[in-house]
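*Asks:* what's the 3D shape of this:
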Amino acid sequence: MKKRLLPILIVAAAVLCAAPGFAAPRYTVRTKPSEIEIGAGYNGEAITVTGTIPTGSSAVVRILGEREDKQFKQKGQAFGFLWMNLGSIILRGVPDVFLLASDRGVYAGGGAQWTKLGLGLDALRGGADDFTFGEFIKLKEQEKLYAIQEGGFEYAPSDDDSRAFKVTMAIPSSLRQGVYKVEAFGVQDGRVVSRASSDMEAKLTGFPALLGNMAFHHALLYGVFAVIVAILAGLLMTVVFKDKGGAH
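*Replies:* So this is what the prediction gives:
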């Protein structure tokens with residue numbers, strides 16, 4: 001009896017999975033190029049992000065770096081007049097890179113609805129106060145490692161379940177070697193209705209790769225090389241300023 005029931009159960013499960021409401025379409029995201037080469041002439045790069053989201057939704061794309069804890073000193077007045085460190089504030093699990101692109105109507109400068117989605121910068125705040133969190137964001141924005149892009153999406157005609165999107169995003173020159181997570185969200189009526197993710201790798205090539213390998217695997221040789229470069233740079237600067245001085 002059990003042997004007869006097993007094929008019937010398998011067929012029934014297959015039918016249920018294929019029926020409407022049981023088979024959820026798979027949404028995708030990918031980058032072109034999928035690998036960024038950081039060579040001696042690297043000065044940032046523009047990548048194209050493509051993927052699919054549910055029909056009727058708008059796309060939000062995030063590129064996130066490795067997550068780590070950031071610690072800040074909290075300053076305040078002691079005894080009513082003396083400014084000093086009163087403690088520490090830790091932002092836990094914040095990514096070293098946070099690049100976000102969305103339709104203008106989705107982000108709309110932030111606000112309560114965007115905060116509720118949990119996709120923007122406010123999702124990183126944790127227990128940090130406004131001043132500390134604001135200074136952290138400013139620092140990251142100056143380094144071009146945190147940025148929000150509104151608009152720039154192109155959509156293909158929708159089919160029954162999904163539609164394709166494309167957006168170009170700027171990758172900063174300060175990008176470090178590592179693996180970055182690329183996420184695509186479909187947002188509709190103030191809710192996240194789909195998620196997809198993939199990886200994008202950034203790796204050193206050429207002379208930067210040589211220096212990196214030397215620093216990690218041949219520390220003594222790297223130290224000697226750094227001293228020689230510093231001496232040569234000093235000699236070059238001496239010659240340059242000496243020539244300028246002699247010209248007067």
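
*Asks:* residue contacts, the nearest residue to Lys32 once chain neighbours are set aside?
*Replies:* Among residues not flanking Lys32 along the chain, Thr48 sits closest, at 4.6 Å (Cβ to Cβ, 6 or more residues apart in numbering). In this view, the C-beta of every residue, glycine as well, is placed from N, C-alpha and C. Contact partners of Thr48, counting by Cβ atoms under 8 Å, 6 or more residues apart in numbering, are 31-32, 166-168.

*Asks:* tally of neighbours for Arg163?
*Replies:* 17 (other Cβ atoms under 10 Å).

*Asks:* also Glu150?
*Replies:* 15.

*Asks:* show me the shaky parts of the protein.
*Replies:* Low-confidence segments of the chain (pLDDT under 70): 1-25, 73-87, 107-111, 206-230, 232-248.

*Asks:* ranges for the strands of it?
*Replies:* 29-32, 35-38, 45-54, 58-64, 67-78, 82-95, 98-102, 146-150, 154-155, 162-171, 178-188, 191-204 (DSSP state E).

*Asks:* quick one: those as TSV, columns for distance to Gly127 too.
*Replies:* Converted to TSV, the strands of the chain look like this (distance: least, Cβ to Cβ, whole Å):
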stretch	distance to Gly127
strand 29-32	31
strand 35-38	34
strand 45-54	32
strand 58-64	21
strand 67-78	11
strand 82-95	7
strand 98-102	19
strand 146-150	19
strand 154-155	38
strand 162-171	30
strand 178-188	24
strand 191-204	24
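
*Asks:* now for these, which one comes closest to Leu124?
*Replies:* Nearest of these to Leu124, taken as Cβ to Cβ: strand 82-95 at 4.9 Å.
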